[in-house]
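# pasting a predicted model and its sequence here:
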Amino acid sequence: MSPSTVITHISTLATCDPTLGEGPLGLVRDAALVIEGERVVYAGSAAGAPPADNRVDAGGRAVIPGFVDSHSHLVFAGDRTEEFNARMSGRPYAAGGIRTTVAATRAASDNTLDANLRRHLAELHRQGTTTVETKSGYGLTVEDEARALAVAAAHLEEVTYLGAHVVPAEFADDVAGYVDLVTGPMLDACAPYARWVDVFCEQGAFDGDQARAILTAGAARGLIPRVHANQLSYGPGVRLAVELGAASADHLTHLTEADVDALASGTTVGTLLPGCEFSTRAVYPDARRLLDAGVTVALSTDCNPGSSFTSSMPFCIAVAVREMGMTPDEALWSATAGGAAALRRTDVGRLTPGARADVVLLDAPSHVHLAYRPGVPLVAAVWARGELVPA
Ligand code: NIG
Ligand code: FE
């Protein structure tokens, strides 16, 4: 049997299991958490905790589940500092900037892509993220998309095929030809590495019919759809995602009533990416409107070199609370259990017996401090699958 560890003297434990404590976060005061091997075996009052081999004193601080970042683009080379600099001087964000990263990524070696991904993952872990989804989308050839996914799959369980990120320059006059490639030979090469298929459904990227063809082809190969939807303008992305039973529709910056109704009536999670609006000086999505309509909302970083070069879930939580109408409780739920819902996972994003022992100790008496103390490094310790992550 694996050795067990009890974390004691927890001021506030957010379990994200409403059967274990107060509210949707399942909050327990004066709590203890016991982990054994990779799993949680007890989450509840300190008084009721079973004995364990090892003991960690939380010192009256808060414990939360590791964050679940359900949307990132981490297989790339180069950066877009100049583009960001120009944007902060007034230039708008446009989908075309993606091609800059495509050129740098194609030119990079496998080792460079792998090292870059590992560096970003380490950065995510240090900030409390223990489950990460990432996508291809900066290769846009059969070979470059497949190698991006192979690099991602070497480190991650949640890998998404995004051959339909933008139309690469060499297909600028033959978009139909590129869709044929994405739904044909590129899909054949990529499907073995991926769990999900995604498309950037947007003016300047792929329209509703093209997106439908790409997601349907992916689904026929066993990949589950998720969609970049309604980021830069109103459009068909959200309704298409719901119609196809996508796991998640992401961005949701420009929504009609019909879009909100569609999300509320379906099973598709609405994933909001505040780092993106922050870094593109765009209007924030209205999380309050979605929550009040009954939509399941996830929060994610969208970490990528163009529109949102942050790996910090605490930053996203702070912005979501300040700018998007979320309460601190809702933001924490969306960054943990909500992300898990967007990835159709029940073993992460919550601290309940049987769940993966992905645990974050905060340097704060409660999770509310994640929004109350923006920009302050509050992640004191992280356990991933029961192992303490080196600081
Ligand atoms: O999710 N919207 C499309 N894709 C990314 C941006 C990628 C880039 O600009 O490099 C996003 O924001
Ligand atoms: Fe994205």
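Structure received. Numbering: from 1, shown residues only. Ligands and ions are numbered 1, 2, ... in the order given.
# tell me which element the residue in the stretch 201-350 of the chain positioned nearest to ligand 1 is part of?
Ranked by C-beta to the nearest ligand atom, the top residue of the stretch 201-350 of the chain for proximity to ligand 1 is G306, at 2.2 Å. In short, each C-beta sits where N, CA and C put it, glycine included. For G306, there is no enclosing helix or strand under DSSP states H and E.
# that one: how many residues sit nearby?
25 (other C-beta atoms under 10 Å).
# hmm, it is touching R80, no?
Yes - assessed by C-beta atoms under 8 Å, G306 is found in contact with R80 at 5.2 Å.
# hey, what's in contact with both of those two?
97, 100-101 (C-beta atoms under 8 Å, 6 or more residues apart in numbering).
# would a markdown table of these with pLDDT be doable?
Converted to a markdown table, the shared contacts of G306 and R80 look like this (pLDDT from 0 to 100):
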| residue | pLDDT |
| --- | --- |
| G97 | 89 |
| T100 | 94 |
| T101 | 97 |
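# ok, and which of those residues reach ligand 1?
Restricting the shared contacts of G306 and R80 to those within reach of ligand 1 (C-beta under 6 Å from any ligand atom) leaves 97, 101.
# which of the shared contacts of G306 and R80 has the most neighbours?
T101 (22 neighbours).
# remind me which helix or strand that residue belongs to.
helix 98-107.
# quick check: buried residues in that helix?
Neighbour-count burial for helix 98-107 flags 98-102, 104-106 (criterion: 16 or more other C-beta atoms under 10 Å).
# which SSE is immediately downstream of that helix?
That would be, after helix 98-107 and using DSSP H and E, helix 110-126.
# packing partners for the helix or strand just after that following helix?
Going down the chain from helix 110-126, the next helix or strand is strand 129-135, by DSSP H and E. On a contact count with 3 or more C-beta pairs under 8 Å, 6 or more residues apart in numbering; DSSP states H and E, strand 129-135 meets strand 67-69, helix 110-126, strand 158-164.
# swap in 7 Å and give it another go.
In terms of contacts (3 or more C-beta pairs under 7 Å, 6 or more residues apart in numbering; DSSP states H and E), strand 129-135 is packed against strand 67-69, strand 158-164.
# okay, now G275: neighbour count?
24.
# on that earlier part again, so for ligand 1, which of the helices and strands packed on strand 129-135 sits nearest?
Going by C-beta to the nearest ligand atom, the one of these nearest ligand 1 is strand 158-164, 8.1 Å.
# quick one: the closest one near ligand 1?
No - using C-beta under 6 Å from any ligand atom, we find that strand 158-164 stays clear of ligand 1, coming within 8.1 Å at best.
# the following helix or strand past that strand - contacts with which helices or strands?
Heading C-terminal from strand 158-164, the first helix or strand you meet, by DSSP H and E, is helix 175-183. Applying 3+ C-beta pairs under 7 Å, 6+ apart, we find helix 175-183 packed against helix 208-220.
# give me the contact list for the helix it packs on.
Residues from elsewhere that reach helix 208-220, judged by C-beta atoms under 7 Å, 6 or more residues apart in numbering: 161, 164, 179, 182-183, 187, 197, 199, 201, 206, 225, 227, 236-237, 240, 244.
# mind listing the strands for the stretch 1-150 of the chain?
4-14, 27-36, 39-45, 54-65, 67-69, 129-135 (DSSP state E, counting those that start in this stretch).
# any idea which of those strands is most buried?
With neighbours taken as mean count of other C-beta atoms under 10 Å, the strands of the stretch 1-150 of the chain reach their highest mean count in strand 67-69, at a mean of 31.
# picking up where we left off before, which of the contacts of helix 208-220 sits closest to A381?
For the contacts of helix 208-220, the closest approach to A381 (C-beta to C-beta) belongs to Y161, at 34.6 Å.
# which residues of the stretch 251-391 of the chain lie near ligand 1?
276, 302, 304-308.
# picking that back up, how about the shared contacts of G306 and R80 in JSON lines, adding distance to D17?
Listed next are the shared contacts of G306 and R80 as JSON lines, based on distance: C-beta to C-beta, whole Å:
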{"residue": "G97", "distance to D17": "41"}
{"residue": "T100", "distance to D17": "44"}
{"residue": "T101", "distance to D17": "39"}
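# what does the least confident helix or strand in the chain by mean pLDDT contact?
Among the helices and strands of the chain, helix 81-87 carries the lowest confidence by mean pLDDT, DSSP states H and E, at a mean of 94. Under the contact criterion C-beta under 7 Å, 6+ apart, helix 81-87 has outside partners 93, 97, 100, 279-281, 306.
# sorry, back to before: need the contact list for the residue of the stretch 201-350 of the chain closest to ligand 1.
80, 83, 97-98, 101.
# same question for I10.
Residues counted as contacts of I10 (C-beta under 7 Å, 6+ apart) are 31-33, 58, 62-63.
# what do you get for D110?
147, 151.
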